[in-house]
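Asks: Sharing a model that was predicted from the sequence below.
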Amino acid sequence: AVNTGLLPPADRAMVKPIVLGFSQLGSESTWREANTASIREAAGEAGITLILKNAEQDQQQQFDAIRGFIRSDVDVIAIAPVVQTGWEPILLEIRQAGIPVIIVDRSVNVENSSLYVTFIGSDFYEEGVKAAKYVIDKMRHHSEAIHIAELQGTVGSTPSIDRGRGFRKMLGDKQNLRITMTAPADFTQSGGREVMKTFLQQPKEKWPRVLFAHNDDMAIGAVEAMKEAGIVPGSDIIIVSVDGTRRAFEQMAAGSINAVVECNPMLGPLLMQAVKEIMAGRTLPKRMVTPEDIYTQELAGREIENRKY
Ligand code: AHR
């Protein structure tokens, strides 16, 4: 018989589909919804059976979901961790069960990195650096003190920690650019709106000239709060945020947001490819970083159509 490389139909029917247990951290933002959709769609296209549990931003719920995956004896476990600490014990439990682990989107702080196979996601530190570079360039003709407000994401999460670090590192010792207000707003639009409102309760002379929001949803919430306070966002306050949602591009095109650093949520195809490689016994790079850009108002109008979420 000719060897086609394909299994005979009877044998093919006996090959069980790969089962992937995925602990998604929540549904806090537009980015997260797109990430979940990307993973669902890619699993369908790859013929992988996906068991997805949403932890609603609660690490304990992630642990519960993961223990459920172990009991169900899934083939691979993927985790998008809400915060970066506290993972070692549960990763040891998974190792004892002999199930390979893929970390997705946010990282885990573990001493023993052999507890997971690979980490797929963005370079959040670099995103913070890009945001600061934009601010430095935008403010290059100003020698007076520039107050910067920062809306952080979820406390203890990698994107919030690393974007903040990268931003500060890039500002370096620039004397006139100072972060004068900073607070977490949990990556949500409502959080961004509420925290921005509290920033604007300060006397006017303390109001920021620049806002760095760790994601688009919080920036959009902050734009609402600014408008309510009679401030013209994008002009009275320069706004830079992270993600690249279509709504943020619309706000850029309308002049309310000045720049958006891209963070790519479409991790589904790469994740499914990694699952298949692991099941085929191949080795993977320890870190897979998604290529990303920065967009400014000049390009926003043209790019809106290309935004996938
Ligand atoms: O971990 C990625 C971040 O989480 C995205 O920037 C944000 O929108 C999401 O909530």
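Replies: Yep, that arrived. Residues are numbered from 1 along each chain as shown.
Asks: thought residue 108 was touching residue 82?
Replies: No: counting by CB atoms under 8 Å, residue 108 sits too far from residue 82 to count as a contact (10.6 Å). (Glycine included, C-beta is placed from N, CA and C.)
Asks: So these two - more neighbours on which side?
Replies: residue 82 (24 against 21; other CB atoms under 10 Å).
Asks: Assign the more buried one to helix, strand or coil.
Replies: Using DSSP: H, G, I helix; E, B strand; the rest coil, the structure places residue 82 in coil.
Asks: need the contact list for it.
Replies: The contact partners of residue 82, taken as CB atoms under 8 Å, 6 or more residues apart in numbering, are 25, 26, 55, 57, 58, 59, 62, 106, 154, 157.
Asks: could I get the residues you listed as TSV with neighbour count, distance to residue 227 and pLDDT?
Replies: Formatted as TSV, the contacts of residue 82 follow (neighbours: other CB atoms under 10 Å; distance: CB to CB, whole Å; pLDDT from 0 to 100):
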residue	neighbour count	distance to residue 227	pLDDT
25	26	31	98
26	20	28	98
55	22	34	98
57	19	28	97
58	13	33	98
59	18	35	98
62	26	37	98
106	24	32	98
154	24	25	98
157	25	28	98
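Asks: May I have the secondary structure class of the nearest residue to residue 182 once chain neighbours are set aside?
Replies: The shortest distance from residue 182 to any non-neighbouring residue, by CB to CB, 6 or more residues apart in numbering, is to residue 150 (4.1 Å). At residue 150, secondary structure determined by three-state DSSP is strand.
Asks: for the stretch 51-200 of the chain, what spans make up the strands?
Replies: Along the stretch 51-200 of the chain, the stretches classed as strands by DSSP state E, counting those that start in this stretch are 76-79, 101-104, 118-121, 146-152, 177-184.
Asks: Quick one: closest of these to the ligand.
Replies: strand 118-121 (7.4 Å; CB to the nearest ligand atom).
Asks: Can you give the contact residues for that closest one?
Replies: The set of residues external to strand 118-121 that reach it, using CB under 8 Å, 6+ apart, is 102-108, 267, 270-271, 274, 284-290.
Asks: Given that strand, what are its sheet partners and their directions?
Replies: strand 101-104 (parallel), strand 287-289 (parallel) (DSSP bridges).
Asks: how about the shortest one: buried residues?
Replies: Across strand 287-289, burial judged by 16 or more other CB atoms under 10 Å covers residue 288.
Asks: anything in it near the ligand?
Replies: No: between strand 287-289 and the ligand, judged by CB under 6 Å from any ligand atom, nothing touches; the nearest distance is 13.5 Å.
Asks: What lies in contact with that strand?
Replies: 118, 119, 120, 121, 122, 123, 270, 274.
Asks: try 10 Å
Replies: Under the criterion CB atoms under 10 Å, 6 or more residues apart in numbering, residues 102-104, 107, 113, 118-123, 126, 264, 267, 270-271, 273-274 lie in contact with strand 287-289.
Asks: Before I go, just wanted to say thanks for your time.
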